[in-house]
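Trainee: After the sequence you'll find the predicted model.
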Amino acid sequence: MAGGSGFNDARAVGGGVWKDRLRPGETRWYRVPVDWGQRLHTAVELPNAARREDGAGRFVARGFRMNVYNPARGPLYSESFTSYDGDGGKTDHYGNPVRYENRFASANSATRLAGWYYVAVTAGPDLAGPFPQGVPVTLRIAVRGKPKPGPRYDGDARAAGIGVSDEDRETAAKRLTRAEADDAAAEAALLRTVGWSGVGTGTALLAVLAAWTLLARRGGAAAVQPVAGPPGGTPGSGGFPPSP
């Protein structure tokens, strides 16, 4: 799974364990739907590095880091680089529960909105030494807690990116970028339109066939109805008495 290059094309993910490979110096972006009353737990892990044939050390002072941003794209905290010593590495973060009242608490104000939370993972440039073929990264995501009702907003909160919908959860389950989700929605709308058009066309064809069948039955009934003969006569061919 490849993360995006920024907010606009961040890869959607849900709870689970995801793997990616970063170039040294690269940042990959992911997004997670977090609803009211829920909290986000994120962790990034790097594996052990093989010992280098040239005997060079595996220690990297500015190894890797992880930053998390809220739906308004504000940082939840300020994360510096974590050092890497060659024997694996890990950094994790527990977010506060998402609550409307957090806007009044300076320490928790970053988690005052429900919606897409963004996770940015950066591999330091010097990781090219222990990982010349790219940096294997394991991203662990957990969304804890059950969704709760949110506040009422004036206007369309969803259009402003606030809140989580069933479509957002489906997008995360399918691990789509924003562009891929838009394409999938457009394709689904097109299929619905074609489907209803097909139903309408099919209904019209059935009506035509029913009318044709009714007329055919009436015509057939008129063709086989016998013609009455003269009074007292015995009907024969065409309703006339038989020839002597």
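Mentor: In hand now; what should we look at?
Trainee: So the residue nearest the centre of the chain versus Ser165, what's the distance?
Mentor: Centroid-nearest residue in the chain: Thr171, 1.2 Å away (criterion: CA atoms, centre = their mean). Distance of Thr171 to Ser165, given as CB to CB, to the nearest Å: 9 Å. (Glycine included, C-beta is placed from N, CA and C.)
Trainee: one step back: assign the residue nearest to the centre of the chain to helix, strand or coil.
Mentor: Here Thr171 takes the helix state, with states given by DSSP: H, G, I helix; E, B strand; the rest coil.
Trainee: That one reaches Ala179, doesn't it?
Mentor: No. Using CB atoms under 8 Å as the test, Thr171 is too far from Ala179 to be in contact (11.3 Å).
Trainee: so what's Ala142 up against?
Mentor: By CB atoms under 8 Å, 6 or more residues apart in numbering, the contact list for Ala142 reads Gly15, Leu40, His41, Thr42.
Trainee: Show the pLDDT at it.
Mentor: We have a pLDDT of 97 for Ala142.
Trainee: wait, is it part of a strand?
Mentor: Yes. Under three-state DSSP, Ala142 falls within a strand.
Trainee: Next, the contact list for the residue nearest to the centre of the chain, please.
Mentor: Contact analysis of Thr171 by CB under 8 Å, 6+ apart lists Ala12, Pro33, Ala181.
Trainee: Ala107: how many residues sit nearby?
Mentor: Neighbouring residues of Ala107 were enumerated by other CB atoms under 10 Å; the total is 8.
Trainee: can you tell me the helix or strand for it?
Mentor: Counting by DSSP states H and E, there is no helix or strand that carries Ala107.
Trainee: pLDDT below threshold where in this protein?
Mentor: Judged by pLDDT under 70, the chain has its weakly predicted residues at 54-55, 184-185, 187-208, 210-211, 213-244.
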